[in-house]
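Peer 1: Got a sequence here, can you build the structure:
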Amino acid sequence: MMCRYFLLESTEQDEVLGVPTLTTTGYNEQSLIIIIRQICTQLHLIFVNIDTFIKTRGQAYHSKQLRSNQRSNFERFINIYNNFRQTVLFMCHLNASIIFSLDNIRCIDLKYSSLLMKLLRIWLTFAENTVTLSNIIRNRWDEIAALCLTSIEKSTKSILKL
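Peer 2: Next up, the predicted model:
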């Protein structure tokens with residue numbers, strides 16, 4: 001909302017100075033901000049879950065106090081951690097890029113803005129499911145890895161449909 005008000009003020013000044021005005025699609029950036037806020041909340045919960053898991057299971061793993069299935073579960077987490085970390089970093093960069101260029105996003109074609117919303121919804125679904133699967137009680141690391149691949153495939157298909 002603040003961006004839109006600022007742009008309207010600067011557009012009025014630009015008209016006085018003779019600078020051409022921007023043509024906008026009328027796309028509402030508030031829906032983008034809401035989804036980005038939801039993704040950020042889910043990412044925070046993911047970080048809390050992983051931190052709790054590492055603190056509790058990591059210490060027990062190094063002191064060899066875990067049962068066999070708990071030990072194999074912790075090793076599965078270690079195996080997927082690098083790919084999972086890259087996925088979460090991608091989501092953070094995607095959100096930061098959108099927020100940084102929010103003023104420009106209002107001026108893009110509706111087709112691209114709807115693609116952007118679709119991508120954000122795909123990654124929001126991934127984040128919500130990952131929060132559930134990474135809970136200290138569930139620890140479904142293999143399912144998180146599969147979910148990550150599914151989200152990447154869905155994103156790629158959406159982009160290629162353009």
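Peer 1: Tell me the spatial nearest neighbour of the residue most central in space within the chain, not counting adjacent residues.
Peer 2: With distances taken as CA atoms, centre = their mean, M91 lies nearest the centre of the chain, 3.4 Å away. Once flanking residues are discounted, M91 sits nearest to W123: 5.4 Å by CB to CB, 6 or more residues apart in numbering. In short, each C-beta sits where N, CA and C put it, glycine included.
Peer 1: on that earlier part again, wait, doesn't the residue nearest to the centre of the chain sit right on A127?
Peer 2: Yes. M91 is in contact with A127 according to CB atoms under 8 Å; the separation is 6.8 Å.
Peer 1: Can you classify the residue nearest to M91 by secondary structure?
Peer 2: helix (DSSP: H, G, I helix; E, B strand; the rest coil).
Peer 1: OK, contacts around it?
Peer 2: Counting by CB atoms under 8 Å, 6 or more residues apart in numbering, W123 touches I39, M91, L94, S151, S155.
Peer 1: Show me which helix or strand of this structure is least confident by mean pLDDT.
Peer 2: One helix or strand of the chain scores below all others by mean pLDDT, DSSP states H and E: helix 2-17, with a mean of 46.
Peer 1: which element follows it toward the C-terminus?
Peer 2: helix 29-62 (DSSP states H and E).
Peer 1: What helices and strands are in contact with that following helix?
Peer 2: helix 68-100, helix 102-105, helix 110-133 (3 or more CB pairs under 8 Å, 6 or more residues apart in numbering; DSSP states H and E).
Peer 1: how near is Y81 to G58?
Peer 2: According to CB to CB, to the nearest Å, Y81 and G58 sit 11 Å apart.
Peer 1: meant to ask about N129
Peer 2: 24 Å.
Peer 1: The two: which is more packed in?
Peer 2: Just comparing N129 and G58: by other CB atoms under 10 Å the higher neighbour count belongs to N129, 17 against 14.
Peer 1: and that one, what is it in contact with?
Peer 2: Going by CB under 8 Å, 6+ apart, N129 touches L147.
Peer 1: Next one: the spatially closest residue to L45 that is not a sequence neighbour relative to S101, how far apart?
Peer 2: The shortest distance from L45 to any residue other than its chain neighbours is 4.6 Å, reached at V131 (CB to CB, 6+ apart). Using CB to CB, V131 is found at 27 Å from S101.
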